[in-house]
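A.B. asks: A structural model of the following input is requested.
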Amino acid sequence: MKIVFNKELAKDYKSASQKIRVLSENWVDEEIFCPNCGINIDSYENNKPVADFYCPNCKEEYELKSKKDSIGKKVLDGAYKTMIERLQSANNPNFFLLNYDVSSYEVLNFFIIPKHFFVPEIIEKRKPLSLNARRAGWIGCNILLQSIPQSGKIFYVRNKKIEPKAKILKNWQKTLFLRESKKAKLKGWILDVMNCIDKLGKNEFKLNEIYAFEKYLKIKHPENKHIEDKIRQQLQFLRDKGYLKFLGDGKYKLV
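C.D. replies: Next up, the predicted model:
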């Protein structure tokens, strides 16, 4: 995999945004494979409202966002209403995020967020555009990257280091069970507990360590009066799906 854009493709463009669009889309089209089946992906010939790329084999779809210099905690996206509607539909695409060096046109980071990690809680509503704006009153949104569990960010390139293809395919398969959860509230609970596990920053942990997040989870789910019971339920679910291994005596391990 090459991690440098083909700058010759953009020599006739004057706009910086047009240049990066052409270069980034070409790079993904040439270098990136489908994380679901391993086949090289293709770009849609015409701009499709929902996605930029697709897998000709398994039909997974992908939207690309590019960001210069650093990844940050959030990514600017389109209309808030449209995004929320997409989350509730069957054709919500997976999300590619490409982070590049603006001076060298070199890929710094490239990862995918599988569509099953998208829930309304990770979408931030922005302020409406002012009355003087061309699209006065329009409301955009941000994708909150810090609200997505680490297992929901599958890297192809991390700090200019290319990850092995086998690792990418394995990491993709690891969380496909989330597609079974059709209700956003149920999936939100699972993702919240996964985030709590991430915050511990270790592969093995005790049940009491997750109980320590009770106040945090109570704020997120004020209607629930049995937080500890819910935590145990989610841990058992993650164990049954092979995401965790139960070691006995209240101990768990990330698989």
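
A.B. asks: the strands in the stretch 51-200 of the chain, which residues?
C.D. replies: Residue ranges of the strands in the stretch 51-200 of the chain, as given by DSSP state E, counting those that start in this stretch, are 53-54, 61-68, 74-79, 94-101, 106-113, 123-125, 140-144, 154-158, 161-162.

A.B. asks: can you list those strands in TSV and add distance to Thr175?
C.D. replies: C-betas here are computed from N, CA, C, even on glycine. TSV is the format used below for the strands of the stretch 51-200 of the chain (distance: least, Cβ to Cβ, whole Å):
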stretch	distance to Thr175
strand 53-54	20
strand 61-68	16
strand 74-79	20
strand 94-101	12
strand 106-113	11
strand 123-125	19
strand 140-144	17
strand 154-158	9
strand 161-162	22
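
A.B. asks: once you drop chain neighbours, what's closest to Gln146?
C.D. replies: Lys73 (4.7 Å; Cβ to Cβ, 6 or more residues apart in numbering).

A.B. asks: give me the distance between the one you found and Asn91.
C.D. replies: 27 Å (Cβ to Cβ, to the nearest Å).

A.B. asks: can you give me the helices in the stretch 151-255 of the chain?
C.D. replies: Assigned by DSSP state H, counting those that start in this stretch, the stretch 151-255 of the chain shows helices spanning 165-174, 184-200, 207-211, 214-220, 227-240.

A.B. asks: and of those, who's closest to Val119?
C.D. replies: Of all the helices of the stretch 151-255 of the chain, it is helix 184-200 that lies closest to Val119, at 5.1 Å by Cβ to Cβ.

A.B. asks: avg pLDDT for the closest one?
C.D. replies: Average pLDDT, helix 184-200: 90.

A.B. asks: stretch 4-20 now?
C.D. replies: For stretch 4-20, mean pLDDT rounds to 89.

A.B. asks: using CSV, lay out the strands of the stretch 51-200 of the chain together with distance to His221, mean neighbour count and mean pLDDT.
C.D. replies: Output for those, formatted as CSV (distance: least, Cβ to Cβ, whole Å; neighbours: other Cβ atoms under 10 Å; pLDDT from 0 to 100):
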stretch, distance to His221, mean neighbour count, mean pLDDT
strand 53-54, 36, 20, 95
strand 61-68, 29, 19, 92
strand 74-79, 23, 15, 90
strand 94-101, 25, 22, 95
strand 106-113, 23, 21, 96
strand 123-125, 18, 15, 94
strand 140-144, 18, 18, 94
strand 154-158, 27, 19, 98
strand 161-162, 38, 12, 98
